[in-house]
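Asker: Provide a 3D model corresponding to the input given below.
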Amino acid sequence: MGKYIVMVFVLVLLTTSTTVIATSASTDDMNENSWETMAPIPETSFGIRAAAANGKIYVMGDLINYEYNPATNTWAQKTPMPTARTYFGKAVYQNKIYTLGGRVGWTEETGTIDSDANEVYDPSTDTWQILSPKPTNISDVNAEVFNGKIYVVGGLNRQFPSLSTNEMYDIAKDEWTNKTTMPYPVSSYVSAVVNNRIYIIGGLGPFFNNQTQIYDPQTDSWSLGTPILTTVFHAAAGATTGIVTPKRIYVIGGSSGGGMFSEGTNLVQVYNPKTDTWSLGASMPTARLGLTVAVANDQIYAIAGTASMAFSSPLKANERYTPFLPGTVPVVSVSSPENRVYVVSEVPLSFTVNGQAPWMGYSLDGENNVTIAGNITLAGMSDGTHRLVVYAEDIVGDVGASETIAFTVDTAAPSVMVDSPESRVYDVADVPLVFVVNEPVSQIAYSLDGQDNVTVTGNVTLNGLADGEHSLTVYAWDTAGNVAASETITFTVKIFPTEYIVVAVIIALIVVSTGLLLYFKKRKR
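Answerer: This is a model prediction of the structure:
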């Protein structure tokens, strides 16, 4: 077990941290999605952390504590923490910096020597205070604040390469409580808080983990988001506030693999919590892993780190990234469906967007948005009128919507009922054609005895029918183009000839006359 831990910790040498200075600023002088080299940190080490408070950035760990002033681009030395350690969790609350856990040593025999230290730094007085220790010794961990509570999630110690623990520290009470553990144990991950949720992204568990694990402190529950584009560990992350730039989580640098010979990357992977989607930003100038990050005025400062895990010295680099700024609303144009009637239940959805759109979706009949990657087919559409809106969101969170498309699906053919003629014998040559259709139609026609259709606008009389058997079918086309046919009616026309009628009249007269003569003869007697 000891050898296994040693091998794991050859991999897990570095991890990340981030913090935010939330102040207002103008975007006039910002060049979005770009990097700028700033003054390097005077002294550095592996496993240091950056935190922001009172408009300044503090980089601490091991035996160092430096204050960086973004306004003047200068550094000043401050009091180091009482317990010299690295790879600890840090959190900022009410402009005080809390440092939790961390690594105080390492040996080949036992692996890491981890700490339970809990110490808070007050930048306004440049002093430290010791608080209630953590329940467990831990390192390679992050910490995040919500509602006066600090959550220390995952990490590792010499017994476990990666943990799923979730320990909550109540600042006001100076007390610790265990909360619901996360789905996947990880260390060397990145984390951030956006919209009252804590995001745990990537890391080692003990192998590479690409999950986006989302913790809701209000319900003490976990969920999963879309996995990160490129799996990284020993990266850094910063969340923009939405004050200057849209709310996003920027995962910067890290390593995507390689074991003890892992190389740093210059990746900038951008997560949109609103749409649960990932995109890419401009590459960092200095590829590295094990860096630390702080956010000031919605600009991200990437500090320190190392180029490689193999016998590489820590870097003093300090590079500032300006995230994506608010842009113009995307224009969405829908070419299909059109505002018309469709006689099929599968209707193509085709549209265009006038720019990059990491997220696209549609809402049908007012239902929740359905995320799509491009043109699709709307399958299984029910008969009736439908309303469709297509949305697109650009890299900075501006959402454009198409016009509302109203279209109708009508796959059912109309019903035609013939009341006359009936299946019987008619003794006249003119027979009424009477029928009923159950919906508005665009055309009605009948076919008599298999001949070509005769178009009609309603009930008519079939004139001059010849003696004999006839067949009749009535057709109707609805406004959608569906065609229906009545049942075929078979009827007979049988008209007596005129000469038969004359003979019958003569015979009748003879019979009547004979009867009268006999009657009068009897009376004379």
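Asker: Pull out the buried positions in stretch 206-219.
Answerer: Residues of stretch 206-219 classed as buried: P206, F208, N209, N210, Q211, T212, Q213, I214, Y215, P217 (neighbour count, 16 or more other C-beta atoms under 10 Å). Just so you know, the C-beta spots here come from the backbone N, C-alpha and C atoms, and that holds for glycine as well.
Asker: ok, which stretches of the stretch 101-250 of the chain are strands?
Answerer: With DSSP state E, counting those that start in this stretch as the criterion, the stretch 101-250 of the chain has strands at 103-107, 111-114, 118-122, 127-130, 142-146, 149-153, 166-170, 175-178, 190-194, 197-201, 212-216, 221-225, 236-239, 249-252.
Asker: Contacts for the fifth one next, please.
Answerer: Counting by C-beta atoms under 8 Å, 6 or more residues apart in numbering, the neighbours of strand 142-146 from elsewhere in the structure are 15-18, 89-93, 98, 100, 150-155, 189-193, 196, 198, 200, 217.
Asker: and N69, what is it in contact with?
Answerer: Counting by C-beta under 8 Å, 6+ apart, the residues that N69 touches are G55, K56, I57, W75, A76.
Asker: Taking those residues together, which two end up most distant?
Answerer: Set against one another by C-beta to C-beta, the contacts of N69 have their most distant pair in G55 and W75, with a gap of 14.7 Å.
Asker: which residues are contacting stretch 206-217?
Answerer: 8, 146-147, 149, 151, 153, 161-162, 166, 168, 179, 182-184, 186-187, 189, 196-203, 221-228, 231, 233, 257, 271, 276.
Asker: So what's the gap between it and the chain middle?
Answerer: For stretch 206-217, the separation from the chain centroid amounts to 18 Å (computed by C-alpha atoms, centre = their mean, to the nearest Å).
Asker: Just the terminal-to-terminal distance for it.
Answerer: By C-alpha to C-alpha, to the nearest Å, the extent of stretch 206-217 from end to end equals 25 Å.
Asker: what mean pLDDT would you report for it?
Answerer: The predicted model assigns stretch 206-217 a mean pLDDT of 92.
Asker: For N195, see how far away Q218 is.
Answerer: The spacing between Q218 and N195, counted by C-beta to C-beta, to the nearest Å, is 11 Å.
Asker: same deal with Q129?
Answerer: As for Q129, its distance to N195 is 31 Å (criterion: C-beta to C-beta).
Asker: burial count for S350?
Answerer: Burial of S350 is recorded as 14 neighbouring residues (other C-beta atoms under 10 Å).
Asker: That one touches N375, doesn't it?
Answerer: Yes - in terms of C-beta atoms under 8 Å, S350 counts as a neighbour of N375; the distance is 4.7 Å.
Asker: What backbone torsions are found at the residue lying closest to E422 once chain neighbours are set aside?
Answerer: Spatial nearest neighbour of E422, excluding adjacent residues (C-beta to C-beta, 6 or more residues apart in numbering): F491 at 6.5 Å. Summarising the backbone geometry of F491 under the convention degrees, to the nearest 10, its torsions are phi -140, psi 160.
Asker: quick one, what contacts F491?
Answerer: The neighbours of F491, taking C-beta under 8 Å, 6+ apart as the test, are P421, E422, S423, R424, V425, Y426, V431, E469, H470, L472.
Asker: which residues does the fourth one contact?
Answerer: For R424, the contacting residues are F491, T492, taking C-beta under 8 Å, 6+ apart as the criterion.
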